[in-house]
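# Attaching a predicted model along with its sequence, questions to come.
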Amino acid sequence: MTRHREGEVLIATAPEEVFAFIDDHSRFSSHMSESSWMMGGGRMDVELDSQKGQAVGSHIRLAGTAFRFRLSLDEVITRREPPTLKVWETVGTPRLLVIGAYRMGVEIAATRDGSRLRVFIDYDNPSGPIARWLGACFGGLYARWCVKQMLSSAAAEFQRAAVIHSHA
């Protein structure tokens with residue numbers, strides 16, 4: 001993976017509760033299921049396998065549209081160590097506009113007042129000349145938005161979060 005974005009938020013909640021929230025992939029990544037300006041008015045449907053994205057090897061499929069283009073991808077859970085770590089990555093060739101294959105994850109560390117949640121994405125540029133150009137122009141913006149949406153959804157879930165910190 002050639003590019004990286006990350007951010008973190010402090011949450012006044014125990015790591016076990018934070019992990020339970022992020023382990024429910026349909027809730028934690030709900031920003032993909034809602035129409036938004038970043039998705040060009042489109043949205044993605046999330047399909048979970050029988051393990052619901054809660055076991056190593058479990059698959060999560062997303063399909064939908066962005067800017068009227070059909071998008072799809074398949075993710076697999078590669079690491080899951082409750083209540084501190086979960087990592088997933090695309091398998092096969094994702095059909096995306098501004099980023100290519102990626103690995104995402106969350107790390108949760110206990111703090112004196114609750115938890116520090118860190119979300120990261122490591123990603124490649126998409127393939128093809130037009131997609132590479134789109135990725136160079138908008139990939140970082142999209143990756144930063146994705147990280148921020150996940151952090152914001154966790155903060156909103158517990159309604160006691162401190163400042164979200166983004167890092168390149």
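On my side now, so go ahead.

# what about the longest helix in this structure?
helix 129-158 (DSSP state H).

# Of all the residues in that one, which ones are buried?
Within helix 129-158, the residues that qualify as buried are 131, 134-135, 139-140, 142-151, 153-155, 157-158, counting by 16 or more other Cβ atoms under 10 Å. Quick note: C-beta positions are derived from backbone N, CA and C, even for glycine.

# and the host helix or strand of residue 104, what other elements does it pack with?
Using DSSP states H and E, residue 104 sits in strand 102-111. Counting by 3 or more Cβ pairs under 8 Å, 6 or more residues apart in numbering; DSSP states H and E, the packing neighbours recorded for strand 102-111 are helix 15-22, strand 85-95, strand 114-123.

# Turn these into CSV, columns for mean neighbour count and distance to residue 103.
Below are the helices and strands packed on strand 102-111 laid out as CSV (neighbours: other Cβ atoms under 10 Å; distance: least, Cβ to Cβ, whole Å):
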stretch, mean neighbour count, distance to residue 103
helix 15-22, 18, 16
strand 85-95, 17, 4
strand 114-123, 22, 5
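
# if we can go back for a sec, give me the angle between the longest helix of the chain and helix 15-22.
130 degrees (axes from the mean of the first three to the mean of the last three Cα atoms, to 10 degrees).

# per-residue confidence averaged over helix 129-158?
Helix 129-158 carries an average pLDDT of 87.

# my guess is residue 67 contacts residue 97, does it?
Yes. Assessed by Cβ atoms under 8 Å, residue 67 is found in contact with residue 97 at 6.9 Å.

# Comparing these two, which residue is more hemmed in?
Comparing residue 67 with residue 97 by other Cβ atoms under 10 Å, the one with more neighbours is residue 97, at 19 against 12.

# Assign that one to one of the three secondary structure states.
Three-state assignment for residue 97 (DSSP: H, G, I helix; E, B strand; the rest coil): coil.

# Check the one 3 residues further on too.
Residue 100 carries the three-state label coil when classified by three-state DSSP.

# Can you report how many residues lie near it?
So residue 100, with other Cβ under 10 Å, has 22 neighbours.
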